[in-house]
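Trainee: Pasting a predicted model and its sequence here:
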Amino acid sequence: MKNFIIGYGESLTDKVEVKSGGGSKKHPYTFSEARDRLVQDLSVVIEDIDSKPVEQCANGEVVIKFIQHPSYLAKSYYPTSLFNKYDIQDVGSKSLRIKPQNWAVKKHPEQGLTSCIFVSGTREKFEAMLNSIKHDNLPDGTKEIIQSIENVSSIKPEEKIKHVDIEQQELKLEVVLHASEEDSAVRKSFGDYSNTLGGTVDWERAKIVGGLTFLPVTIHNGHEQELAEFSHLRALRSMPKLRFNRPDATRMSLKDAFSLPKFKALNNDFKVCIFDGGIGNEHVIKEWVTEYIPSDVDMGHPSLLAHGSEVCSTYLFGPYNENQPIISDPYSSVDIVRVLSASDTDPDLFDVLTRIEDVLKQKEYKYINLSLGPRLAIDDDDVHVWTSVIDRLLQDGHCFATVAIGNDGDLEGEYARIQPPSDMVNCFAVGASNTEGNAWKRASYSCVGPGRSPGVVKPDGIIFGGSNEELFKVYSPLTHSIVGTLGTSYAAPYALRVAAGVDAITDFDLSAPTVKALMVHHANKEGNDQNDVGWGLLPNSPEAVVECLDDEAIVVYQGELNKSEHLRIPIPVPEGIDCTWVHLKATFCFNAITDPEHPLHYTRSGLDIVFRGNESKVTGEATHADTKTFFSVGNLYETEEDLREDAHKWETCISRSQRFKKATLLNPVFDVKYHAREKGGGVQKELEPLKYSLVLSIRAEGDTNTYNMVLQQNQTLQSVKVTNRLRI
């Protein structure tokens, strides 16, 4: 008899007081050194402002950049108070790798990751700041922030231009402005300036997310440099093409004999949606599929319908197994929204995004799949409009979204990186493996990580997506035959089938972050590179997710944390187990509010997790004895140069396993604290509690009584009921 996952772990948790330590900060520069450098930099900036034409400056303001020293990445050193003191506005930031003049410590890297902050103000305000820093007697807090600043300078237009297709006479650009909902004057000023250059702004398609406005702009080739001179313009690039599969995807009709399962009404209380090229009326799986066609989308193109119908079929039935002529049963029905139009020979990415956005705003669906997106590699400096908009819609954790990471993994260097919107922190980014067999690896076309930090482990995992050696066989509703194909387009709905299947076969209220934690927890890296496979190869059936090993208990915690509160999460290692080694594996997941204008400080929520393995070594209130790093930065960020003091704290998904001698564990716990930040700095207002999910495995090597002992010794825990599904 199989043992299944155990629920209600949160019933074991308790609030505790934990004192935090911390020594004084060593500064790389004295205050007088830092002040002299800042005065010199501001003097040069003011000269630059004097030479800038008025029409390039919205509200008479100019955006400049403040670069901090790499030693000051923690939110407590974010210079909000400095900007407030001189009434200049922080409008965004990005990460930067720099070689500072000095380090405060002997042992340091050649270069360090740091924050480049964009600040908007008038000439008068920057001059007032300069005079105050020169002459005033400043408080210690302000002095310390000035010591954190490495450099201040103007921003050159070439820094803002990402990529322009110089073959085109008429450039279709994607422009990003530093302009929030309230900044209509900045948008109007940009529109007027663009007109003087002969440019056209498509205001109807504008998207405003956080402190950024994303705009489609058309302008003659050669004027992009002048356009980038507009001070509040953050970035511009040629409008990328849409990807929904490999342009040269292998696709062949196979002669395999098969039969579809009989339709059975399924009693699921969740809804599933696929955004794709539609499915049309010429198919025999109408009982399982409902198609929705937005009013601005016309008849489907055969290749778009083929793609949409096969993505649907992959979710419903999974890949075809030639050893079993009856195709597997669906776990639920599915809706498909046709977001691609046949008349879109060059689909407008803003239109497609709007169609997706309109549906997601309704919050009807617990599971969604996106096997499409802009065909460009992610950029560490800027979050793409697709990522910004959809991440914001998923931040409340109501929905589990699988997103295909793209099929350009065989390109050179940075071009092979994952593609938007799979760099979202609130999604499940899926890559493709090359085979269903044991000798698996990343399929050569499947894009690679890392994501940006936070969100560094991307893809979240990989699952079979086909290769030239072993095609992905799937039932095609349009031809009523089995076709062989390949692409992350098929891997993503295959992973969604497994995830929704877990929900369908369990009698337990699983949140979307818990489903993500369960999938990550069961991913297997098997020595593969993190950038290739993320957390690893994903399970290919829901049963593999819900079943425990013979000597293991898997406990699910779905709880809440208040800001700055310590929660003690007991790890219920049972008394009396018969083993030498205990293996613990923990996976934490949560959804986060995002700040797209601050890619380096993208998530507003973070967890500080301390492992305490032996309560007999814990003394007094401080309880800092016997703390051990369970999740260390080094385990997550594989290269030393990517290390930053608190980076792992802001990741929305983190997983690790460790082995302990049984004798060293006595009532082990995780002490977890919820940290919050806004735009990189501290948060003043009251925040909603953070909903977290934790999946915890306790494996007492060789003791098959472990599972029952965990339940016997913790009466509030309950084994999750699993529906029997007959597998033919």
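Mentor: Great, that's in hand.

Trainee: quick one: secondary structure of residue 495?
Mentor: helix (DSSP: H, G, I helix; E, B strand; the rest coil).

Trainee: how far away is it from residue 185?
Mentor: Distance of residue 495 to residue 185, given as Cβ to Cβ, to the nearest Å: 45 Å. All C-beta atoms are positioned from the backbone trio N, CA, C, and that covers glycine.

Trainee: So, low pLDDT: which residues of the stretch 1-150 of the chain?
Mentor: Applying pLDDT under 70 to the stretch 1-150 of the chain flags the ranges 20-24, 107.

Trainee: which residues of it fall in helices?
Mentor: Ranges of helices in the stretch 1-150 of the chain, per DSSP state H, counting those that start in this stretch, are 31-50, 80-85, 123-135, 140-147.

Trainee: again, but for the stretch 551-700 of the chain
Mentor: Under the criterion DSSP H, counting those that start in this stretch, the stretch 551-700 of the chain contains helices at 633-636.

Trainee: Next up, the contacts around residue 576.
Mentor: By Cβ atoms under 8 Å, 6 or more residues apart in numbering, the residues touching residue 576 are residue 709.

Trainee: tell me the pLDDT at it?
Mentor: At residue 576, the model reports a pLDDT of 92.

Trainee: before we move on, what about residue 627?
Mentor: Reported pLDDT for residue 627: 63.

Trainee: which residue ranges form the strands in the stretch 201-350 of the chain?
Mentor: Ranges of strands in the stretch 201-350 of the chain, per DSSP state E, counting those that start in this stretch, are 207-209, 212-220, 233-238, 242-243, 252-254, 272-276, 289-292, 334-338.

Trainee: what's the spacing between the closest residue to residue 486 other than its chain neighbours and residue 94?
Mentor: Nearest-residue entry for residue 486: residue 466, 3.1 Å, with adjacent residues in sequence omitted and distances by Cβ to Cβ, 6 or more residues apart in numbering. Going from residue 466 to residue 94 by Cβ to Cβ gives 37 Å.

Trainee: circling back: compare residue 495 and residue 185 (neighbour count), which wins?
Mentor: When residue 495 is set against residue 185 and neighbours are counted by other Cβ atoms under 10 Å, the residue ahead is residue 495, at 32 against 13.

Trainee: sorry, back to before: pretty sure the residue nearest to residue 486 sits against residue 490.
Mentor: Yes - Residue 466 lies in contact with residue 490 (Cβ atoms under 8 Å); the separation is 6.3 Å.

Trainee: Now the common contact residues for these two.
Mentor: Counting by Cβ under 8 Å, 6+ apart, the shared contacts of residue 466 and residue 490 are 432, 472.

Trainee: Please identify which of these two sits among more neighbours.
Mentor: residue 490 (31 against 28).

Trainee: Phi and psi next, for that one.
Mentor: Backbone torsions of residue 490, given as degrees, to the nearest 10, read phi -100, psi -30.

Trainee: if I look at it, how far off is residue 497?
Mentor: Plainly put, residue 490 is 11 Å away from residue 497 if you go by Cβ to Cβ.

Trainee: Could you tell me which residues touch both of the two?
Mentor: In contact with both residue 490 and residue 497: residue 314, using Cβ under 8 Å, 6+ apart.

Trainee: can you tell me which residues contact the closest residue to residue 103 other than its chain neighbours?
Mentor: Distance criterion Cβ to Cβ, 6+ apart; nearest residue to residue 103, sequence neighbours excluded, is residue 28 at 5.6 Å. Going by Cβ under 8 Å, 6+ apart, residue 28 touches 69, 71, 100, 101, 102, 103, 104, 147.

Trainee: Over to residue 339?
Mentor: Residue 339 makes contacts with 275, 276, 277, 294, 297, 352, 355, 356, 372, as judged by Cβ under 8 Å, 6+ apart.

Trainee: if I look at it, how far off is residue 540?
Mentor: As judged by Cβ to Cβ, residue 339 and residue 540 stand 28 Å apart.

Trainee: quick one: average pLDDT of stretch 437-453?
Mentor: Average pLDDT, stretch 437-453: 95.

Trainee: what's the span of it, first residue to last?
Mentor: Using Cα to Cα, to the nearest Å, the end-to-end distance of stretch 437-453 comes to 33 Å.

Trainee: Centre of the chain to that stretch, how far?
Mentor: With Cα atoms, centre = their mean, to the nearest Å as the basis, stretch 437-453 stands 16 Å off its chain's centre.

Trainee: Stretch 83-94 too?
Mentor: Distance of stretch 83-94 from the chain centroid (Cα atoms, centre = their mean) equals 26 Å.

Trainee: Would you mark the buried spots in it?
Mentor: Using 16 or more other Cβ atoms under 10 Å as the test for burial, stretch 83-94 gives 83, 85, 86, 88, 89, 90, 91, 92, 93, 94.

Trainee: Contacts made by it with the rest, please.
Mentor: 61, 63, 79-80, 115-121, 125-126, 128-129, 132, 142, 178, 211-212, 232, 234, 380-382, 597-601, 679-680.

Trainee: Start and end of that stretch, how far apart?
Mentor: 17 Å.

Trainee: about what we covered before: of the contacts of stretch 83-94, grab the buried ones for PyMOL.
Mentor: Burial among the contacts of stretch 83-94 is assessed by 16+ other Cβ under 10 Å; the matching PyMOL selection reads:
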select buried, resi 61+63+79+80+115+116+117+118+119+120+121+125+126+129+142+178+211+212+232+234+380+381+382+597+598+599+600+601+679+680
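
Trainee: Enumerate the residue intervals of the stretch 251-400 of the chain where per-residue confidence is below the cut-off.
Mentor: Across the stretch 251-400 of the chain, residues meeting the criterion (pLDDT under 70) sit at 251-252, 265, 267, 343-348.

Trainee: List the neighbouring strands of the strand or helix carrying residue 172 plus their orientation.
Mentor: Secondary structure from DSSP states H and E places residue 172 in strand 170-178. The pairing partners recorded for strand 170-178 under DSSP bridges are strand 212-220 (antiparallel), strand 233-238 (antiparallel).

Trainee: How far does it sit from its chain's centre?
Mentor: Worked out by Cα atoms, centre = their mean, strand 170-178 lies 24 Å from the chain centre.
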